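In: Mind looking at a prediction? Sequence and model below.
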Amino acid sequence: MEKTYYNRKDLKKFGDIDEFQPELAEKFFDYYNDVFKDGALSAREKAIIALAVAHAVQCPYCIDAYTTECLEKGSNEEAMMEAVHVAAAIRGGASLVHGVQMMNQVKQLSM
Amino acid sequence: MKSLKASGKNLSDPKYQIEILNNHRESIKNLPRFRNKLNEIGLAPFKSTGIEIFQVNVGYMCNQTCKHCHVDAGPDRKEIMTRETMKYCLDALSGSDIEKVDLTGGAPEMNPDFRWFVEEIRKLDKHVMVRSNLTILTVNRNYRELPHFFADHGVEIISSLPYYLQRNTDRQRGEGVFDKSIEALRMLNDEGYGKKDKELILDLVYNPVGAFLPADQNQLEQDYKRELKRRYNIDFNNLYTITNMPISRFLEFLLISGNYEEYMEKLVTSFNPAAAEGVMCRNTISVGWDGFLYDCDFNQMLEIPVEKSSPQHVKNFDEYILNDREIMVDQHCYGCTAGAGSSCGGTIT
């Protein structure tokens, strides 16, 4: 049997975090549920943003949950992969833009 | 691809499927019984609300072998309704207030008496719906005449197109199916189907290409209308979303892919009392290819007949008794009550 730190069955236990601190858990889940309702952004748009963020923060639970959610909101595979590229582009860009800082320092130090 | 039956697989046996639905591993055994769920929400006894739709399965033969098919239909299936049984259906309909007749299969068009049957039903002034897989309309000259025949008889067409993209559709329904489906949709549009100014109704059916629930029906309909128009200049009337039922070939997929337990849990946790109240079995009677009566096409495939005290065969059809029958349920019924609900006419709530 495959053993990793992450167990996919633990996702279903997310709600159990209220066992140690119920008041904050309740506030969090109320807020969480409200965030994903249709608003200025549709629930589908929010699900695909969540999928991209899930890849950026590299949370396997979130990736599983929001992959399913995106499919159940009618997104397609092409759109979902584009969302992952958005996450990758921002992460990659965030590294590369610091290259300017490196260049600044090089120029500061160099003759 | 062969049908489960032609392959001699255990899952072609309805009794084996019911065993899997009830007793496959502890997690499945521990799921609440559907019957008890109905008790909890005050829907027991679960009775018919009166038959409005007379659904006839005219045979399991089909030119396609779709991966999710609850009928296990395919070219190797030989079960076909005879003209004699069709006459029993016509007798039942002629003395009844039922207005809608829903013809399904397999590919219903492959029954040799299909056109005769449609003509006879129309003579009774009943509305006819045909569940066409679309590709059959492109097979040869004989079938290519069908869009015109449908239009002549004012037949409503309901067709599966699991997605507006080729990749997803072909993955479920077979290679090349998407392109042929688009060709058939164009033929239907050319006859006036799906056009706003005409009365010829063309509806499409979405079902998930995998182990997940359907998206919101209205939102998907907007997507389909926009994308099919933009990409292929195709028009249609309504999109129906249907949940995949955990029986037959879709059950095989769930088991092989390791998704079965999670899918069943999802169906159960998504149980919607409002959907349960409006499920299609309550206003439908399903006639099998051999004339036996069932509460729905799914029960037909699981060989769960109508309540014992009701007439069992269409030749003994008694609308008064059948309108008051109790609906037979089992664990697969969660497929129709999950989320927004699911029926042959799309979502329920």
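Out: In hand now; what should we look at? Numbers count the residues shown, from 1 in each chain, chains lettered A, B, ... in the order given.
In: Going by C-alpha atoms from here, please, whenever you check contacts or count neighbours.
Out: OK.
In: Up against chain A, what does chain B have?
Out: Within chain B, the positions adjacent to chain A are B:212-216, B:219-220 by Cα under 8 Å from any Cα of the partner chain.
In: 6 Å - rerun?
Out: By Cα under 6 Å from any Cα of the partner chain, the residues of chain B that approach chain A are B:213-215.
In: wait, which of these is closest to residue A:7?
Out: The nearest member of the residues of chain B next to chain A to residue A:7, counting by Cα to Cα, is residue B:213 at 23.1 Å.
In: residues touching the closest one, list them.
Out: The contact partners of residue B:213, taken as Cα atoms under 6 Å, 6 or more residues apart in numbering or on different chains, are residue A:72.
In: returning to what we had before: any chance of CSV for the residues of chain B next to chain A, columns secondary structure, distance to residue B:262 and pLDDT?
Out: Conversion of those to CSV gives the following (DSSP: H, G, I helix; E, B strand; the rest coil; distance: Cα to Cα, whole Å; pLDDT from 0 to 100):
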residue, secondary structure, distance to residue B:262, pLDDT
B:213, coil, 12, 96
B:214, coil, 16, 95
B:215, coil, 18, 94
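In: Just the pLDDT at residue 42, thanks.
Out: Assuming you mean chain A. Reported pLDDT at residue A:42 in the predicted model: 95.
In: nope, chain B please
Out: Residue B:42 is assigned a pLDDT of 95 by the prediction.
In: what's the answer for residue B:197, then?
Out: Residue B:197 is assigned 78 on the pLDDT scale.
In: Buried ones in the helix or strand harbouring residue B:321, by neighbour count?
Out: Under the criterion of DSSP states H and E, residue B:321 resides in helix B:319-322. Buried residues in helix B:319-322, counted by 16 or more other Cα atoms under 10 Å in any protein chain shown: B:319, B:322.
In: Who are the packing partners of that helix?
Out: Using 3 or more Cα pairs under 6 Å, 6 or more residues apart in numbering or on different chains; DSSP states H and E, no helix or strand is in contact with helix B:319-322.
In: out of the residues of chain B next to chain A, who's nearest residue A:45?
Out: For the residues of chain B next to chain A, the nearest to residue A:45 is residue B:215 (13.1 Å; Cα to Cα).
In: Count the neighbours of that closest one for me.
Out: Residue B:215: 25 surrounding residues under other Cα atoms under 10 Å in any protein chain shown.
In: OK, now which residue of chain B is nearest to chain A?
Out: Closest contact between chain B and chain A, by Cα to the nearest Cα, is at residue B:215 (4.6 Å).
In: what ranges do the helices span in chain A?
Out: Using DSSP state H, the helices of chain A run over residues A:22-35, A:43-56, A:60-72, A:77-109.
In: Quick one: closest of these to residue B:150.
Out: Of all these, it is helix A:60-72 that lies closest to residue B:150, at 33.8 Å by Cα to Cα.
In: Can I get the closest one in PDB, CA atoms only?
Out: In PDB, the C-alpha atoms belonging to helix A:60-72 read as follows (Å, rounded to 0.1, in the frame of the first residue of the first chain):
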ATOM      1  CA  PRO A  60      -3.000  18.000  -3.000                       C
ATOM      2  CA  TYR A  61      -6.400  18.000  -1.100                       C
ATOM      3  CA  CYS A  62      -7.300  21.300  -2.800                       C
ATOM      4  CA  ILE A  63      -6.200  20.000  -6.200                       C
ATOM      5  CA  ASP A  64      -8.400  16.900  -5.900                       C
ATOM      6  CA  ALA A  65     -11.300  18.900  -4.600                       C
ATOM      7  CA  TYR A  66     -11.200  21.700  -7.100                       C
ATOM      8  CA  THR A  67     -10.500  19.400 -10.100                       C
ATOM      9  CA  THR A  68     -13.800  17.600  -9.300                       C
ATOM     10  CA  GLU A  69     -15.500  20.900  -8.500                       C
ATOM     11  CA  CYS A  70     -14.400  22.400 -11.800                       C
ATOM     12  CA  LEU A  71     -15.700  19.400 -13.700                       C
ATOM     13  CA  GLU A  72     -19.000  19.600 -11.800                       C
END
